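*Asks:* next one to model:
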Amino acid sequence: MSERLPSDFGSFDQVIIDEASQSDITALPAILRAKKLLIVGDDKQVSPTAAFLAEEKILQLKHNFLRGQPFAELLLPDVSIYDLANAVFPSQRIMLTEHFRCVEPIIRFSMQFYNEPLIPLHLPKASERLDPPLVDVYVPEGKRDERRNVNDVEIKAITEEIKAITADSKFTGRTIGVISLIGAQQAHEIQEHLLFELGKDIYQKFNITCGDSATFQGKERDIMFLSMVVGHGQGVAMSKREYEQRFNVALSRARDRMYLYRSIQESDLNNESDLRLKTIRHFANPMPQQQQVDAPAELCESDFERDVYNK
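*Replies:* Next up is the predicted model:
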């Protein structure tokens with residue numbers, strides 16, 4: 001990119017950096033060419049990773065080049081441009097609350113990560129709607145193979161369900177995605193099984209993609225499959241910020257239906273902050289009970305709203 005940019009600073013009236021939560025300091029050459037800057041992103045989505053860089057190397061670069069910088073910690077390879085902009089210009093942040101991708105029972109899981117409520121605006125027609133929008137599948141015999149880092153029982157179950165969907169004419173035109181919630185190897189194995197069972201033509205016809213959360217950032221599918229991978233007694237509580245980002249992305253990629261395949265039960269998890277527990281509970285009860293109102297018209301804030309309600 002740097003070779004294509006003009007050499008003068010401030011060359012462009014405005015530079016827009018989209019998906020800034022995935023961009024790191026390598027976007028600096030573009031930023032320096034801007035008179036005005038628009039940073040678009042979401043700090044609740046997956047941040048960039050410092051791939052192939054040892055921690056010692058990062059600390060050395062920080063010591064040699066970032067001493068005295070007021071935002072030195074935000075200029076490291078595993079921090080996004082969005083995080084940097086949010087720290088430098090905290091008062092100029094605008095939150096977009098309208099959500100157009102997912103039906104409400106799906107996107108409600110992500111609402112816990114934001115200070116302002118999201119407004120679901122994806123309202124499919126009756127012919128487009130998939131009921132139920134959330135499907136929870138417990139696989140009691142499933143367990144992660146510690147050597148291969150895969151859960152063969154979940155792989156088989158997901159493969160069989162996708163085979164059934166692709167063979168059903170009512171799903172023609174739908175797209176399908178598969179996300180492994182722990183490690184990319186599970187997704188790779190599912191992809192291999194699907195290609196073998198379905199063939200390349202069917203795989204491409206339904207635009208099937210398999211990967212981890214980072215694979216699907218910025219993407220969406222009509223139907224998403226989530227594989228939790230671990231079985232009873234396996235894994236640790238997932239409550240750190242990096243896990244929040246992964247789960248937020250994973251559980252907000254489906255437009256109309258999302259499957260959860262799991263080999264653990266709610267009783268196996270005792271940490272209330274564990275996102276695996278929160279996910280299981282969300283699938284069990286995605287829509288909180290609405291408070292009953294004796295006189296709904298009293299909630300209207302204007303004569304126009306009252307006229308519409310009465311009509």
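*Asks:* quick check, residue 255 in a strand?
*Replies:* Yes: assignment of residue 255 by DSSP: H, G, I helix; E, B strand; the rest coil places it within a strand.
*Asks:* from residue 116, how far off is it?
*Replies:* Using CB to CB, to the nearest Å, we find residue 255 at a distance of 22 Å from residue 116. To be clear about C-beta, it is placed using only N, CA and C from the backbone, and glycine gets the same treatment.
*Asks:* the more surrounded of the two?
*Replies:* It is residue 255, of residue 255 and residue 116, that has more neighbours when counted by other CB atoms under 10 Å, with 22 against 9.
*Asks:* pretty sure the more buried one is touching residue 122, no?
*Replies:* Yes: contact status for residue 255 versus residue 122: in contact at 6.6 Å, counting by CB atoms under 8 Å.
*Asks:* need the residues touching each of these two.
*Replies:* Contact criterion CB atoms under 8 Å, 6 or more residues apart in numbering; residues bridging residue 255 and residue 122 by contacting each: 101, 102, 103.
*Asks:* and the second one, how many neighbours?
*Replies:* So that's residue 102. Using other CB under 10 Å, residue 102 has 25 other residues around it.
*Asks:* residues contacting it?
*Replies:* Neighbours of residue 102 in contact, by CB under 8 Å, 6+ apart: 120, 122, 252, 254, 255.
*Asks:* turn the buried ones among these into a named ChimeraX selection, would you?
*Replies:* Of the contacts of residue 102, the buried ones can be selected in ChimeraX as follows, counting by 16 or more other CB atoms under 10 Å:
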select :120,252,254,255
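*Asks:* got TSV for the contacts of residue 102, with distance to residue 246 and pLDDT too?
*Replies:* Below are these laid out as TSV (distance: CB to CB, whole Å; pLDDT from 0 to 100):
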residue	distance to residue 246	pLDDT
120	22	92
122	22	92
252	11	96
254	15	97
255	20	96
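*Asks:* need the max-distance pair from the contacts of residue 102.
*Replies:* Within the contacts of residue 102, two members stand farthest from each other by CB to CB: 120 and 254, at 12.7 Å.
*Asks:* doesn't residue 153 fall inside a helix?
*Replies:* Yes: assessed by three-state DSSP, residue 153 belongs to a helix.
*Asks:* measure it to residue 105 for me?
*Replies:* From residue 153 across to residue 105, the span is 26 Å (CB to CB).
*Asks:* give me the number of residues near residue 200?
*Replies:* Residues near residue 200, counting by other CB under 10 Å: 8.
*Asks:* what of residue 85?
*Replies:* Neighbours of residue 85 (other CB under 10 Å): 22.
*Asks:* might one say that it is in contact with residue 43?
*Replies:* No: counting by CB under 8 Å, residue 85 stays clear of residue 43, with 9.9 Å between them.
*Asks:* distance of residue 68 from residue 62?
*Replies:* Separation of residue 68 from residue 62 (CB to CB): 11 Å.
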